[in-house]
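Student: Take this sequence and fold it.
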Amino acid sequence: QLQACGGGLVRSGGSLRLSCAASGRTSSIYVVGWFRQAPGKERELVAAIGWSSRTTSDRDSVKGRFTISGDNAKNTVYLEMNSLEPEDTAVYYCAARMAGQTSYEYWGQGTQVTVSS
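Tutor: Residues are numbered from 1 along each chain as shown. Alright, predicted model coming up:
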């Protein structure tokens, strides 16, 4: 089970930190990703982190602005978002890909991020 929180309304240039707390079969988590979906657009992967390896990846549009990190002791993955732009407005979701799986199987509820200009 994944529980996402931390969204809100912020002005352009502002910052937010999203949290994704995992429970249950956390020892089988391979990758946790943050996705977002804006109105009328397809869901896209924003950033991902290896649960054990801590290897990270993120999409070009957020490089240098967003940072994904994890705290295994708290079973939590964070998405630090800085220099937010109106184009970042979306519902953000965290999801987990389990070991041996090729797709994200478990999804948290979305958290709304709204950036005003």
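
Student: tell me which residues in the lowest-mean-pLDDT helix or strand in the chain are buried?
Tutor: Within the chain, no helix or strand scores below strand 56-58, which has a mean of 89 by mean pLDDT, DSSP states H and E. Across strand 56-58, burial judged by 16 or more other C-beta atoms under 10 Å covers residue 58. (Glycine included, C-beta is placed from N, CA and C.)

Student: Which strands or helices does it pack on?
Tutor: Packing partners of strand 56-58 (3 or more C-beta pairs under 8 Å, 6 or more residues apart in numbering; DSSP states H and E): strand 44-50, strand 66-71.

Student: Can you list the strands that it pairs with?
Tutor: Taking DSSP bridges as the criterion, strand 56-58 forms sheet pairs with strand 44-50 (antiparallel).

Student: how about the partner strand as CSV, C-alpha atoms only?
Tutor: Listed next in CSV are the C-alpha coordinates belonging to strand 44-50 (Å, rounded to 0.1, in the frame of the first residue of the first chain):
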residue,chain,number,x,y,z
GLU,A,44,3.9,10.6,-17.4
LEU,A,45,6.7,9.3,-15.3
VAL,A,46,8.5,12.2,-13.5
ALA,A,47,11.2,10.4,-11.6
ALA,A,48,12.0,7.0,-10.2
ILE,A,49,14.4,5.5,-7.6
GLY,A,50,15.6,2.0,-7.0
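
Student: Go ahead and confirm residue 79 touches residue 45.
Tutor: No. Residue 79 is beyond contact range of residue 45, at 11.7 Å (criterion: C-beta atoms under 8 Å).

Student: Please name the nearest non-neighbouring residue to residue 92.
Tutor: Spatially, and ignoring its direct neighbours in sequence, residue 92 is nearest to residue 36 (4.8 Å; C-beta to C-beta, 6 or more residues apart in numbering).

Student: Test my guess that the one you found contacts residue 93.
Tutor: Yes. Assessed by C-beta under 8 Å, residue 36 is found in contact with residue 93 at 7.2 Å.
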